[in-house]
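1. Provided below for reference: sequence and predicted model.
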There are 2 protein chains.
Amino acid sequence: MALIVQKYGGTSVADIERIKIVASLVKRELDNGNRVAVVLSAMSGVTNSLVKYCNDITPFYDNREYDTVVSTGEQVTIGLLAITLQSMGIKARSYAGWQVPIITDNAFGKARIKEIKPDNLLKSLADGEVPVIAGFQGVESESNRISTLGRGGSDTSAVAVAVAIKADRCDIFTDVEGVYTTDPRIVKAAKKLEKVTFEEMLEMASLGSKVLQTRSVELAMKYRVNLRVLSSFVDAPGTLICSEDEIVEKEVISGVTYNKDEAKFTLANINDVPGTSAAVFEVMAKEGINIDMIIQSGSTGAKTNMTFTVPDTEFEKAKKAIEANKEILKYENFVFDRKVVKVSIVGIGMRSHSGVAEIMFKTLAEKNINVMAISTSEIKISVLIADEYTELALRALHTAFGLDEEAAD
Amino acid sequence: MALIVQKYGGTSVADIERIKIVASLVKRELDNGNRVAVVLSAMSGVTNSLVKYCNDITPFYDNREYDTVVSTGEQVTIGLLAITLQSMGIKARSYAGWQVPIITDNAFGKARIKEIKPDNLLKSLADGEVPVIAGFQGVESESNRISTLGRGGSDTSAVAVAVAIKADRCDIFTDVEGVYTTDPRIVKAAKKLEKVTFEEMLEMASLGSKVLQTRSVELAMKYRVNLRVLSSFVDAPGTLICSEDEIVEKEVISGVTYNKDEAKFTLANINDVPGTSAAVFEVMAKEGINIDMIIQSGSTGAKTNMTFTVPDTEFEKAKKAIEANKEILKYENFVFDRKVVKVSIVGIGMRSHSGVAEIMFKTLAEKNINVMAISTSEIKISVLIADEYTELALRALHTAFGLDEEAAD
C-alpha cells in the first residue's frame, strides 16, 4: 500500500465533467489499494479573472487582499471534488490552506511555505478519507491571513504536502502527457521522456519548459520525492522525475528548451576597467531585476561594449534603471533588443561527454544562426539568438542530438 | 462620532464600478466623522452559480463541502472592497468569517450564529481601519470548517456584527429605496415608509416582503439595533426600522404584503372529532414541514373537511406524507391547489383600532374575491385567495387603508 499525492491543474478541473474524471482517477488509485491525498488548482481561467478584478481597481493593490481574492478559486474546486468523491461512495473532505494548515512566510502574493502541519491530513488518511487540499494557498500564522504562493504554486503545494505526509510518490496531472524532449507544438519529432533527473528537470523548468514550476522541482529534489508528470486527459504513463541513480541508460542530452521572456541590452563604449560588470549587476539588483546572461565584447583600447539580458517582463523597469544610472554605468549610449530567445540544451550526460558544445555551435552555424550570448552550467548550454530562428534552432538541435522520435528507434 | 455597520447586498457589489460606489458611500460616512464596519454579500449571481455547481454533481451534497464552495463569493468582494478603499487612501482590511471569527453552530448550509468575538474588529476600528467582513458565512469552531447561514444570511451577519461591536446603527444597502407599503412593481401608488416598527417589519419579512431576511429583523428586535434599509443606487433616506416608541404618529396599517409560496390541501370527509387537526400537525411536523394556515369547515353531521396550507416549496413532500398517512388522518379523499396566494395587512395600530378586519373583508367582498382561509396575529390579518386576484387585492386593500401615495397628502 503506497501513499500517493495527486495534483490536478486548472484544465483538469475546468468543469464538472472534468472534475468527475479526476474523481475516477482518484478512485482508480484507491482501488489499487493505495491511499491518496489530492491537491487542486482552480478551474482554468478563474484565477486570471480574479487577478483582473484586482488590477481593474488598481495595479498597486495590497498583496494580502489580492491573496484573499485570488485564493477563492481553489476553495471552489476542493469542495466540488469532495462532493463528487462522496457521491461515488468515497470518504473525502476538503482542506483550505489555513485548515491544513499550510504555513507560509509573509511575502504575500509570492509566499514560501515554511511548514505544513501533517496531523490533520494524516488523521483523515488514517480514517480512510481522501483529503482534498487547496493548492497555491496557505496561511501566514502571525496575522492569520491567507497567503498565495505565486502563479503555478499548486505544483509546489503538492510536493510540499508529499514531503509533509511522507508520500511515496507525487503525481502531477496536467493537460500534456509528460515532459518532452522539446516543445511538441514546434518540433513534431519531439518525444516524451520516460524518466528525467531532478537536475535536468530543474534546468528545463527554469529555462522555459512550462510543465512544472521550478520551485516544486527544487523541493522534490531536496527531499527526493518521486515526482511524476502525466495527463488527466490521456491514459498514458507520463514522465518520472527521479534521482540520477534510478536512470540506467542516460542520454547525453535530455531536452532542448527555449524561453522568449528575454530582453537584451547593450551598453556601448563603456570603460574597459574592472568593476564595470559589477556596477551593472548592482544597478539591476537594486530594482530587484535578475540579470541572466552577460557578455563583454572584445575590447578595442580603453572602451568596450557590454551585453546582458533580463526577463522581458522587467524590460521597462530595466530600461528606466539604465537611463537613471548613466553616471554610474558610464556608457556612451545603449541599445536594446526584445526580439530575442534563449535556446538551451540540457543533459546530465554532458558531464561525461565532451564535444556537446561543439555539436551545438556547429549545428547553429550550419543554419546561419548568429549567437549573441552564451551561458553554461554543468548540465546545460544556453545561447541567445534572434527569436525568428526559434523553430529552426529547436528542430536542428533536436535532430543533431539524436532526440527525434524516429531517430530514437 | 457614531459607530455604524453598513451592509451591501449582491447588486450593490455586482462589479468593480458598483464596488467603487460602495467605497464612496463608506467614505462619506467616514467624512461625517463616524467609524464604519462593512459587511458584504457576493456579487449578484455568483452564489447562484456556485450552488448550481454543487447541484450539478448531486442534489445530496455534504453541506460542509457546499458551504466551502458557496462561501467563496463573499471572500472575493471583501478583498476587492478593501483594495478599493485603500486605493482611496482609506485604511481597510478584509475579514472572512473564520478570521473575525463569527462562530456558528454545526447546522451547515443554514447555520445560526452562536457568537461573534469582537476583539479583532474593535482593534481594527481603534486603529482607524475599516473592517470589511464577509457576510453569509462563519466558522464551526469544533471542526474548524466554514459554515454558511442560508440564503440571504448576510443581513443577519450585519445585524449580528452590529450587536457584537455595539454599533449605533446598522444600514442595510440594497437595490430598493426602503420598505414600501406594498410591492411597488404591482401597486404604482405604493409609498416608502419613513419608519416601521421591528414587529411590523418582522411580520412583513415573514409574510413575503423580500427586503430583509426574517432572522436579521428578529435579531435587531431582540437587541434593539437601529436598522435602516436604503439604496446604494439612489441617494435617499430609506426606511428606519425601530422601536414602537420612536414612532410618534402611527398608521393603523403599515403595509400590505403577499406570498405566493403557498399550497393548499383539503382533506375531505374526515371524522369530526377532537384530535383531527392535531394529527395533521403531527404528520407534517415529522417531515419537518410547517403548516401555516388551517381551517375546519362547518360540520355536517359526523364528517367535516379540513383545509391547510404549507410552503409550496414543500408541496411534493407534503403530498407524499398525506398519501402515506391515510390511515392516521382518516380522510376519504384529498384535493390540493397550488394557485393560491396569501395576502396580509400588517400594522401595529391594529391593536388599538377596531374595525380593521371588517374593512379588509368588505374590500375583498366588493371585488368578489373569495377568502379560502384566514389567520391573524395581534398586528396582522392574512387571507388565502386565488392567486389570479393578487394584484386586484393588493391595490384594493392599499387604497382602502389609505396607503396610496396621493391619498397620504
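-> Yes, it's here.
2. what does the stretch 51-200 of chain A put close to chain B?
-> Contacts of the stretch 51-200 of chain A with chain B, taken as C-beta under 8 Å from any C-beta of the partner chain, map to A:53-54, A:56-58, A:60-62, A:64-69, A:71-73, A:75-76, A:78-80, A:82-84, A:86-87, A:93-94, A:96, A:98-99, A:144-146. Backbone N, C-alpha and C define where each C-beta goes, glycine included.
3. Give me the PyMOL select line for those, limited to the buried ones.
-> Remark: buried members of those, expressed as a PyMOL selection using 16 or more other C-beta atoms under 10 Å in any protein chain shown:
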select buried, chain A and resi 53+54+57+61+62+64+65+66+67+68+69+71+72+73+75+76+78+79+80+82+83+84+86+87+93+94+96+98+99+145+146
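4. what's near enough to touch the residue of the stretch 151-300 of chain A found nearest chain B?
-> Here the residue of the stretch 151-300 of chain A nearest chain B is A:Ser154; by C-beta to the nearest C-beta that distance is 16.5 Å. Applying C-beta atoms under 8 Å, 6 or more residues apart in numbering or on different chains, we find A:Ser154 in contact with A:Lys7, A:Gly9, A:Val39, A:Leu40, A:Ser41, A:Glu74, A:Gly135, A:Phe136.
5. if I look at the last one, how far off is chain B?
-> Right, A:Phe136. 14 Å (C-beta to the nearest C-beta, to the nearest Å).
6. what residues go with each domain of chain A?
-> With domains defined by automatic domain parsing, chain A comprises A:3-175, A:246-409.
7. In CSV: those domains, plus mean pLDDT.
-> Listed next are the domains of chain A as CSV, based on pLDDT from 0 to 100:
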stretch, mean pLDDT
domain A:3-175, 97
domain A:246-409, 89
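8. Quick one: closest of the ones you listed to B:Phe401.
-> Nearest to B:Phe401, of all the domains of chain A, is domain A:3-175, at 47.2 Å by C-beta to C-beta.
9. And for the residue in chain A sticking out farthest from the centre, nearest residue in space, chain neighbours not counted?
-> Ranking residues of chain A by C-alpha distance from their mean position (C-alpha atoms, centre = their mean) puts A:Gly301 at the top, at 42.9 Å. In space, A:Gly301 comes closest to A:Asp272 once its chain neighbours are excluded; the distance is 7.6 Å by C-beta to C-beta, 6 or more residues apart in numbering or on different chains.
10. so who does the one you found touch?
-> Counted by C-beta under 8 Å, 6+ apart, A:Asp272 has contacts A:Ser299, A:Gly301, A:Ala302, A:Lys303, A:Thr304.
11. swap in A:Thr182?
-> The neighbours of A:Thr182, taking C-beta under 8 Å, 6+ apart as the test, are A:Ala190, A:Gly255, A:Val256, A:Thr257, A:Tyr258, A:Leu394, A:His398, A:Leu403.
12. again with A:Lys250
-> Contacts of A:Lys250 by C-beta under 8 Å, 6+ apart are A:Glu244, A:Gly347, A:Ile348, A:Gly349.
13. in the helix or strand encompassing A:Glu316, what's buried?
-> Here A:Glu316, judged by DSSP states H and E, is contained in helix A:315-324. For helix A:315-324, the neighbour count (16+ other C-beta under 10 Å) marks A:Phe315, A:Ala318, A:Ala321, A:Ile322 as buried.
14. again, but for stretch A:133-146
-> For stretch A:133-146, a neighbour-count test (16+ other C-beta under 10 Å) marks A:Ile133, A:Ala134, A:Gly135, A:Phe136, A:Gln137, A:Gly138, A:Val139, A:Glu140, A:Ser141, A:Arg145, A:Ile146 as buried.
15. Cross the residues of the stretch 51-200 of chain A next to chain B against helices and list the overlap.
-> A:53-54, A:56-57, A:64-69, A:72-73, A:75-76, A:78-80, A:82-84, A:86-87 (DSSP state H).
16. tell me the contacts of A:Val310?
-> A:Val310 sits in contact with A:Glu262, A:Ala263, A:Phe265, A:Met284, A:Ile289, A:Asn290, A:Ile291, A:Asp292, A:Ala318, where contact means C-beta under 8 Å, 6+ apart.
17. What's opposite the closest residue to A:Asp312 other than its chain neighbours in the beta bridge?
-> Distance criterion C-beta to C-beta, 6+ apart; nearest residue to A:Asp312, sequence neighbours excluded, is A:Ala263 at 4.4 Å. With DSSP bridges applied, A:Ala263 shows beta-bridge pairing to A:Val310.
18. My guess is A:Ala263 contacts A:Thr307. True?
-> No: counting by C-beta atoms under 8 Å, A:Ala263 does not reach A:Thr307; the two are 11.3 Å apart.
19. Return the member of the contacts of A:Val310 nearest to A:Val211.
-> A:Glu262 (19.6 Å).
20. show me the contacts for the closest one.
-> A:Glu262 neighbours (C-beta under 8 Å, 6+ apart): A:Asp292, A:Thr309, A:Val310, A:Pro311, A:Asp312, A:Val340, A:Val341, A:Lys342, A:Leu384.
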